[in-house]
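Participant: give me coordinates for this.
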Amino acid sequence: MRCSLVPWGLLITGLVLGWGCQHDADTSVPETATCLDAPLPAESGQPHLHAGEDGTVWLSWVQPMGEDRHALRYATLSDTNWTEPRTVARGSDWFVNWADVPSLRPLPDGRLGAHYLRSNGPDPLAYGVRIVQADGAGAWRSAITPHGDGTETEHGFVSMLPWPKNRLLAVWLDGRKTAEQEGREREMTLRGAVLDSTGAVEQRALLDARTCECCPTTAVRTGDEVLVAYRDRSENEIRNIQLVRFDGQSWSEPSLLHDDGWQIEGCPVNGPALAARGDRVAAAWFTAPKGTPRVKVALSGDGGRHFSEPVVVAEDTPTGRVDVALLEDGRAAVSWLGTVDDSAALRVRAVEADGSPGASGSMAKLPSASRGVSMPRLVQNESHLYAAWTHPEDGVQVGRLPAEALR
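Facilitator: Prediction:
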C-alpha cells in the first residue's frame, strides 16, 4: 500500500498561518513557554532534537541550499546560547518530506552519527537511507546505505542509538518487498542492523515482515538491550503498536503493546514514541478506533517487558504526532498536535508515576494545516522541556517550558 509522503515543498501552499512560539491561555500552566531564537533561516524544516547527558541540547534540521540542493545541519544549545550551525552533508538528490525526518545523535566516544534520505529511482517514493559518522575531531566519513538490497523502493523512518564497542544501531522501515507487489498487497517491513565506526554493516535482520507503511519508528536503550516500537499492520488492517527487543545477539519476536483494535485501510502517518531512564520506560501513541482519536501513554518499570494499562492523555480532537519524555521525578510528559479554543496547538501533558493524568498546557499555537508543522519533537533536559517544530513561514521553532509548570 502506498502512503502519501509528498515532498516538503509541495505542502506549503495554502496553509493558514497561526502564531509561532508563544503560550496560550491554559490556566493549568501558569508559566510561559519561552521561544529560543535558533540560528536557522525561515526555509529550514524537519527538526530533530536530542538531549545529552551533559546538559547539551542537539538540534538538527534540513535546510534548502538553492538549485534543488539540501543540507543536514545542526547546532547545540547550552542554557539559551546556540553554537554556530555546522553541516553534516549536502546533496541535490535528497528525498525531503514532512514526515520522514533525518536525525543526528552524539555518541559516547565523542563521535557523531546522523542519517538523511536520498532518492534512488524515478518513483517519487523510491529513496534510501544514508548513515554518516564523524570522528572525535568532527570529520565526517563517507555515507553508507545500511539496507543494501538495491531496490528502487521506499526505505526510511529511521531510529538510531549508540551501541557498545563504538558502534551504532539502526532500525528502519524497508520496502524491498514492494518491488514485486501491487496495490494493497504491497508490504512494508521493519529491519535493523549494527554499524561499526568505519561504517561496516553487521547483523542485518528482519524484525517484522508486515508493518504500517509510513509511521515513524522509535527506539530506546533499557539496560543492555534496545526496545523498539512501531505501528504494525495485520492481515485485516488492524494497526496496533508492536514492540521488539535486541540483546546484542538476536531480536525478539514482535509483541503487542496494547490492543486498540484500530482498523484503517491506509497508513495514518502517526508513529509511537518511547522514552527511558534506566528500567523506567514510557510509551505514547495515537489511535482512532471507530473514528475516535486518542493519545495514550503506558508506563513500565521493568525495561519495557510489561506495561501498565494505557492512560488517555487527549481525545476527540488530537491530530497525534506524539512524543514523550521522562522527567527526573518519575513523571512522563507527552506532547501531541491538538487544539486550544479551536486553534491548533502543540500540547503537552504530565502523567504521574502512578499513571494518573496531570496538568496540561501548550508549548505553542500553530498553523491550522498540520502537515506543514512536520513531526514536533520533545525532550527533557535538566529542569526544562524543549520542543521543536516547523512553522511554514518562520521555519524551525524551538520552545522551552519549565517541567515544574506541569504541576
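Participant: low-scoring stretches of this structure, by residue?
Facilitator: Low-confidence segments of the chain (pLDDT under 70): 1-32, 368-371.
Participant: correct me, but Val158 touches Thr217?
Facilitator: Yes: counting by C-beta atoms under 8 Å, Thr217 is a contact partner of Val158 at 7.3 Å. C-beta coordinates here come from the backbone N, C-alpha and C atoms, glycine included.
Participant: mutual contacts of those two, please.
Facilitator: Residues touching both Val158 and Thr217 by C-beta atoms under 8 Å, 6 or more residues apart in numbering: Val171, Trp172.
Participant: which residues does Thr287 bridge with?
Facilitator: Per DSSP bridges, the residues bridged to Thr287 are Arg294.
Participant: which residues touch it?
Facilitator: By C-beta under 8 Å, 6+ apart, the residues touching Thr287 are Asp260, Trp262, Pro293, Arg294, Lys296.
Participant: hmm, try it at 7 Å
Facilitator: The neighbours of Thr287, taking C-beta atoms under 7 Å, 6 or more residues apart in numbering as the test, are Asp260, Trp262, Arg294, Lys296.
Participant: max pairwise distance over these: which two?
Facilitator: Spanning the widest gap among the contacts of Thr287 are Trp262 and Lys296, at 11.1 Å by C-beta to C-beta.
Participant: how about the secondary structure of Ala359?
Facilitator: strand (DSSP: H, G, I helix; E, B strand; the rest coil).
Participant: again but with Val398, I slipped
Facilitator: Classification of Val398 using three-state DSSP returns strand.
Participant: beta partners of it?
Facilitator: The partner residues for Val398, given DSSP bridges, come to Leu36, Ala388.
Participant: I figured it hits Leu59, correct?
Facilitator: Yes: between Val398 and Leu59 a contact is recorded at 6.5 Å, counting by C-beta atoms under 7 Å.
Participant: any common contacting residues for these two?
Facilitator: Joint contacts of Val398 and Leu59 (C-beta under 7 Å, 6+ apart) are Ala38, Ala388.
Participant: can you show me the strands along the stretch 301-407 of the chain?
Facilitator: Counting by DSSP state E, counting those that start in this stretch, one finds strands in the stretch 301-407 of the chain at the ranges 311-315, 320-326, 332-340, 343-351, 357-365, 377-381, 384-391, 395-402.
Participant: identify whichever of those strands lies nearest to Arg277.
Facilitator: strand 320-326 (4.8 Å).
Participant: now find how far off-centre that closest one is within its chain.
Facilitator: Centroid separation for strand 320-326 versus its chain: 9 Å, with C-alpha atoms, centre = their mean, to the nearest Å.
Participant: residues contacting Ala388?
Facilitator: Ala388 is in contact with Pro47, Leu49, Leu59, Pro376, Arg377, Val396, Gln397, Val398, counting by C-beta under 7 Å, 6+ apart.
Participant: and for the fifth one, nearest residue in space, chain neighbours not counted?
Facilitator: I take that to be Arg377. Leu49 (4.2 Å; C-beta to C-beta, 6 or more residues apart in numbering).
Participant: contacting residues around the helix or strand harbouring that neighbour?
Facilitator: With secondary structure defined by DSSP states H and E, Leu49 is part of strand 45-51. The contact list for strand 45-51, computed with C-beta under 7 Å, 6+ apart, reads 8, 57-62, 101-106, 374, 377, 379-381, 386, 388-390, 395-396.
Participant: by how many degrees do it and strand 377-381 diverge?
Facilitator: 20 degrees (axes from the mean of the first three to the mean of the last three C-alpha atoms, to 10 degrees).
Participant: beyond strand 45-51, next helix or strand please.
Facilitator: Counting by DSSP H and E, the next helix or strand C-terminal to strand 45-51 is strand 57-66.
Participant: and the helix or strand just after that next one, which strands flank it?
Facilitator: The helix or strand immediately downstream of strand 57-66 is strand 69-78, counting by DSSP H and E. Strand 69-78 has the following strand partners under DSSP bridges: strand 57-66 (antiparallel), strand 81-82 (antiparallel), strand 86-91 (antiparallel).
Participant: out of those, indicate the one that is most buried.
Facilitator: Among the strands paired with strand 69-78, ranked by average contacts under mean count of other C-beta atoms under 10 Å, first place goes to strand 57-66 (a mean of 21).
Participant: show me the contacts for Tyr74.
Facilitator: Tyr74 sits next to Trp58, Leu59, Ser60, Pro85, Arg86, Val88, Leu104 when contact means C-beta under 7 Å, 6+ apart.
Participant: which ones are touching the fifth one?
Facilitator: The contact partners of Arg86, taken as C-beta under 7 Å, 6+ apart, are Arg73, Tyr74.
Participant: in the sheet, who's paired with it?
Facilitator: Bridge pairing for Arg86 - DSSP bridges - gives Tyr74.
Participant: all strands of the stretch 151-300 of the chain, in order?
Facilitator: 155-163, 167-174, 188-195, 201-211, 218-222, 225-231, 241-246, 255-258, 273-277, 280-287, 294-300.
Participant: most tightly surrounded among those?
Facilitator: Most buried among the strands of the stretch 151-300 of the chain, counting by mean count of other C-beta under 10 Å: strand 280-287, with a mean of 27.
Participant: by how many degrees do that one and strand 294-300 diverge?
Facilitator: 160 degrees.
Participant: just want the angle from strand 280-287 to strand 311-315.
Facilitator: Orientation check (the same axes, to 10 degrees): strand 280-287 against strand 311-315 gives 40 degrees.
Participant: what is the burial count for Gly361?
Facilitator: The burial count assigned to Gly361 is 23, neighbours taken as other C-beta atoms under 10 Å.
Participant: for it, give the beta-bridge partners.
Facilitator: Counting by DSSP bridges, the residues bridging with Gly361 are Val348.
Participant: repeat for Thr211
Facilitator: Met188, Asp232.
Participant: list the contacts of it.
Facilitator: Thr211 is in contact with Leu173, Met188, Thr189, Leu190, Tyr230, Arg231, Asp232, Arg233, counting by C-beta under 7 Å, 6+ apart.
Participant: identify the farthest-apart pair in those residues.
Facilitator: Taking C-beta to C-beta as the measure, the contacts of Thr211 span a maximum distance of 12.9 Å, between Thr189 and Arg231.
Participant: dump the C-alpha coordinates for stretch 159-174 into CSV.
Facilitator: The C-alpha atoms that make up stretch 159-174 are tabulated as CSV, following Å, rounded to 0.1, in the frame of the first residue of the first chain:
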residue,chain,number,x,y,z
SER,A,159,15.7,5.3,14.6
MET,A,160,19.4,5.2,15.7
LEU,A,161,21.1,4.5,19.0
PRO,A,162,24.7,4.3,20.3
TRP,A,163,25.7,0.6,20.7
PRO,A,164,28.7,-0.9,22.6
LYS,A,165,32.2,-1.0,21.1
ASN,A,166,31.8,2.3,19.3
ARG,A,167,29.0,1.1,17.2
LEU,A,168,25.7,2.4,16.0
LEU,A,169,22.4,0.5,15.9
ALA,A,170,19.8,1.5,13.3
VAL,A,171,16.2,0.3,12.5
TRP,A,172,14.2,1.4,9.6
LEU,A,173,11.1,0.7,7.5
ASP,A,174,12.1,-1.2,4.4
